[in-house]
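> with the sequence up front, the predicted model follows.
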Amino acid sequence: MNTPLIEFLNVTKRFGDQTVLDSINLKIYEGDVTTIIGLSGAGKSVLLKHIIGLIKPDEGTILFRGKPVSKMKKKEINEALAQMSYMFQGNALFDSLTVYENVALPLLETTNLKKAEIDRRVMARIEQTELTEAVHRFPSELSGGMQKRAALARALITDPRIVLFDEPTTGQDPVRKNAILSMIAQYQRKFGFTAILVSHEIPDVYFISNRVLALYKQKIVFQGTPEELENFDHPFNDEVLSSLEDLQKELTGLYSRRKFKILNSAQLKRKKSGEPHSIVVFTLDDINSIIAHLGHDVVQESIRRMSLYIDKHFGIIGGISTRTNTSEIVTMLPHSDFAEAQNILDNFNKDFKGQGINDIGNWTGVRKLVALSGPIKFTILAGIAEGHPDEKIESIIDSAKANQKEIWTATMSRGGVNI
């Protein structure tokens, strides 16, 4: 693998008698979205501040592009830090400045750009983060979600190569959390910066992460992909992941992929040999178009409402569901054959259609509908496949995807919503 962009070698940090980081070893690679996970108070923010130079280690070495920071000249350190931007946990917006002034501040302090160019860049970021209507408002006049977006716009205004996000979704509701993560992922793909997050939002953060680092009892106990973490045999999984995953289930009706696999295996072991079960795969189609016209919030609220309806109809008979990517939910029915699964899906569809107009109205809001330049379709696809205990769940999911068809659609335009 390439030389890490950032590497920690036996980094230790103490505050008085308390050891916060104990011989930390980690690697972060350029172009990745790397998420550092752990419970609140585990030292994630302290670790992040070491990366950006706000805190220095008591012991150990931090390398930037393979060179120890301690051996770099001041000019080299400044050049490295100039490539970075930091989004603070508490947003750190200046109360006396408007949204425009907060976002413009890094350009005013670090560049010699003319006023017209600064205005162009600031307004572009404000528009991208859906803050146009709040451009002249002060932080105290904004909702928590709008403050978070203003902080994100400011973090991206200098076109940084590395962006560090300290608990970017703290204090947000489930929809806003996913919207913020989706926004980070979108900008990371668009601008190609390296993203480093600290978070305890599991499993939502997995959908945007290339690599995950697990911080547990002052040490990094895991480095790898989200998929590899699912099979990680360590007390971290039981003490940290399980508690956070249970909260996720309570909020959305969905399990993490790790817990989904565990429950799926347990269900199949209890079943009689040869007894079939079913998999249903739901997809919100063409989410990129919805995001482009209506924003991240609308997509995330759509997924949340889908998950609640799915849990309402399938969870009551023992179905277990997980979100496998940004727009896809997989449900396993341990005691239902294809015909029974189809019957439950039909009832789900009738219920969803019955509430569809009200829900779509809640998703979008009148202003966004009025702003539409053309019709936008919301379409839900669903497919069913019947499986047997000796089949791998991945192959059954693939079969269900192959059987997907449109079960619900709504078209939105300036004139309103048609189901």
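Okay, I see it. Numbers count the residues shown, from 1 in each chain.

> SS state for the closest residue to Ser140 other than its chain neighbours?
In space, Ser140 comes closest to Asp95 once its chain neighbours are excluded; the distance is 6.1 Å by CB to CB, 6 or more residues apart in numbering. All C-beta spots, glycine's among them, are computed from the backbone N, C-alpha and C. Judged by DSSP: H, G, I helix; E, B strand; the rest coil, the three-state class of Asp95 is coil.

> wouldn't Asp95 be in contact with Phe138 here?
Yes - applying CB atoms under 8 Å as the test, Asp95 and Phe138 come out as touching, 6.6 Å apart.

> when the two are compared, which one has more neighbours?
Regarding Asp95 and Phe138, a neighbour count based on other CB atoms under 10 Å identifies Phe138 as having more, with 16 against 8.

> with adjacent residues omitted, what lies nearest to the more buried one?
With CB to CB, 6+ apart as the measure, Thr98 is the residue that lies nearest to Phe138, at 5.8 Å, once sequence neighbours are left out.

> ok, Gln128 next?
Ala153 (7.3 Å).

> what sits against the one you found?
Counting by CB atoms under 8 Å, 6 or more residues apart in numbering, Ala153 makes contact with 99, 103, 125-126, 128-129, 131.

> what segments of the stretch 101-250 of the chain are helices?
Here the stretch 101-250 of the chain has its helices, by DSSP state H, counting those that start in this stretch, at 115-128, 144-156, 174-191, 226-230, 235-236, 242-252.

> now render those as CSV, adding mean pLDDT and distance to Ser399.
Supplementary listing: the helices of the stretch 101-250 of the chain in CSV, determined by pLDDT from 0 to 100; distance: least, CB to CB, whole Å:
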stretch, mean pLDDT, distance to Ser399
helix 115-128, 90, 39
helix 144-156, 84, 39
helix 174-191, 76, 28
helix 226-230, 75, 21
helix 235-236, 73, 34
helix 242-252, 49, 26
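
> among those, which is nearest Glu301?
Of all the helices of the stretch 101-250 of the chain, it is helix 174-191 that lies closest to Glu301, at 4.7 Å by CB to CB.

> the closest one packs against which elements?
Contacts defined by 3 or more CB pairs under 8 Å, 6 or more residues apart in numbering; DSSP states H and E place helix 174-191 against strand 33-37, helix 144-156, strand 194-199, helix 296-314.

> at 10 Å what do you get?
Here helix 174-191 is seen to pack against strand 33-37, helix 115-128, helix 144-156, strand 162-166, strand 194-199, helix 242-252, helix 287-294, helix 296-314 when contacts are counted using 3 or more CB pairs under 10 Å, 6 or more residues apart in numbering; DSSP states H and E.

> sorry, back to before: with distance to Ser289 added, can I get the helices of the stretch 101-250 of the chain in a markdown table?
Output for those, formatted as a markdown table (distance: least, CB to CB, whole Å):
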| stretch | distance to Ser289 |
| --- | --- |
| helix 115-128 | 17 |
| helix 144-156 | 21 |
| helix 174-191 | 13 |
| helix 226-230 | 26 |
| helix 235-236 | 39 |
| helix 242-252 | 24 |
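
> may I see the helices and strands packed on helix 174-191 organised as TSV, with distance to Gly53 added?
Putting those into TSV (distance: least, CB to CB, whole Å) gives the following:
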stretch	distance to Gly53
strand 33-37	17
helix 115-128	25
helix 144-156	16
strand 162-166	11
strand 194-199	14
helix 242-252	30
helix 287-294	34
helix 296-314	31
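
> of those, which approaches Ile220 most closely?
Taking CB to CB as the criterion, Ile220 comes closest to strand 33-37 out of these, the separation being 8.3 Å.

> would you mark the buried spots in that closest one?
Judged by neighbour count (16 or more other CB atoms under 10 Å), strand 33-37 contains these buried residues: 33-37.

> can you give me the end-to-end span of stretch 195-213?
13 Å (CA to CA, to the nearest Å).

> show me the domain layout of the protein.
As recorded under automatic domain parsing, the domains making up the chain are 6-239, 253-418.

> mean pLDDT lowest where, among the ones you listed?
The minimum mean pLDDT among the domains of the chain belongs to domain 253-418 (a mean of 76).

> widest-spaced pair of the buried residues of strand 33-37?
For these, the maximum inter-member distance is 12.7 Å, found between Val33 and Ile37 (CB to CB).

> can you list residues touching both of the two?
Here Val33 and Ile37 have 197, 205, 209, 212 as joint contacts, going by CB atoms under 10 Å, 6 or more residues apart in numbering.

> assign Asp22 to helix, strand or coil.
Classification of Asp22 into helix, strand or coil gives strand, according to three-state DSSP.

> do I have it right that it meets Val46?
No - Asp22 is beyond contact range of Val46, at 11.6 Å (criterion: CB atoms under 10 Å).

> mutual contacts of these two, please.
Taking CB under 10 Å, 6+ apart as the contact rule, Asp22 and Val46 both touch 13, 218.

> burial count for the spatially closest residue to Leu108 that is not a sequence neighbour?
Taking CB to CB, 6+ apart as the measure, Leu108 lies nearest to Ile118, with 7.0 Å between them; neighbours along the chain are not counted. Under the neighbour criterion other CB under 10 Å, Ile118 is assigned a count of 17.

> contact partners for Ile118?
When contacts are counted by CB under 10 Å, 6+ apart, Ile118 touches 100, 103-104, 107-108, 111, 157.

> with neighbour count added, can I get those in TSV?
Compiled in TSV, the contacts of Ile118 are given as follows (neighbours: other CB atoms under 10 Å):
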residue	neighbour count
Tyr100	20
Val103	28
Ala104	24
Leu107	18
Leu108	13
Thr111	13
Ile157	23
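
> need the residues you listed in TSV with distance to Gln404, can you?
Output for the contacts of Ile118, formatted as TSV (distance: CB to CB, whole Å):
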residue	distance to Gln404
Tyr100	45
Val103	42
Ala104	46
Leu107	47
Leu108	51
Thr111	49
Ile157	41
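
> report the two of the residues you listed separated the most.
Among those, the pair separated by the greatest distance (CB to CB) is Tyr100 and Thr111, which sit 16.2 Å apart.

> so how far is Phe378 from Ser302?
Relative to Phe378, Ser302 is positioned 7 Å away (CB to CB, to the nearest Å).

> more neighbours: the two, which one.
Shown here are Ser302 and Phe378; by other CB under 10 Å, Phe378 has more neighbours (26 against 22).

> in which helix or strand does the more buried one reside?
strand 376-387 (DSSP states H and E).
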